[in-house]
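Colleague: pasting the structure only:
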């Protein structure tokens, strides 16, 4: 396998006023994606701290379910709305979903689908509160 990156261990000592170094990176078969997130307004502005979620297609993505995605990670844009992700192998399909943190989204009613979880009847727990009334808790418990 070809080396895809270079590592340089540099010890800084008081013997040097300044170090001038040149670095040579090897050729690689991977690419990075970088860009800037802008809002969709009449006077577009950069969106700081945008959430960029990364997915790859799941097994049924191409056949029948365009929502069959597997999360592979996320990054956040910097204070200028800029981000960089990768590296990705040439020929890869990457799906990117970007969320604006400034949007007024109620996490209870309008959370993006990626943040929601499925509750079925087995996830519900009953308990009594201080008034001895039975209360239903739909909080998902990790197993």
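Modeller: Sure thing, it's come through. Computed from a predicted model, the values in this text were never measured in an experiment. Numbering: from 1, shown residues only.
Colleague: could you measure the closest residue to residue 24 other than its chain neighbours against residue 84, distance?
Modeller: Leaving aside its sequence neighbours, residue 24 sits nearest to residue 6 (Cβ to Cβ, 6 or more residues apart in numbering; 7.2 Å). Where you see a C-beta, it was placed from the backbone N, CA and C, and this is true even at glycine. For residue 6, the distance to residue 84 equals 18 Å [Cβ to Cβ, to the nearest Å].
Colleague: same for the helix or strand hosting residue 56, what does it pack against?
Modeller: Residue 56 belongs to strand 51-57 when assigned by DSSP states H and E. Counting contacts by 3 or more Cβ pairs under 8 Å, 6 or more residues apart in numbering; DSSP states H and E, strand 51-57 is packed against strand 69-76, strand 82-89, strand 95-99.
Colleague: and if we set it to 10 Å?
Modeller: The contact analysis (3 or more Cβ pairs under 10 Å, 6 or more residues apart in numbering; DSSP states H and E) places strand 51-57 against strand 30-36, strand 69-76, strand 82-89, strand 95-99.
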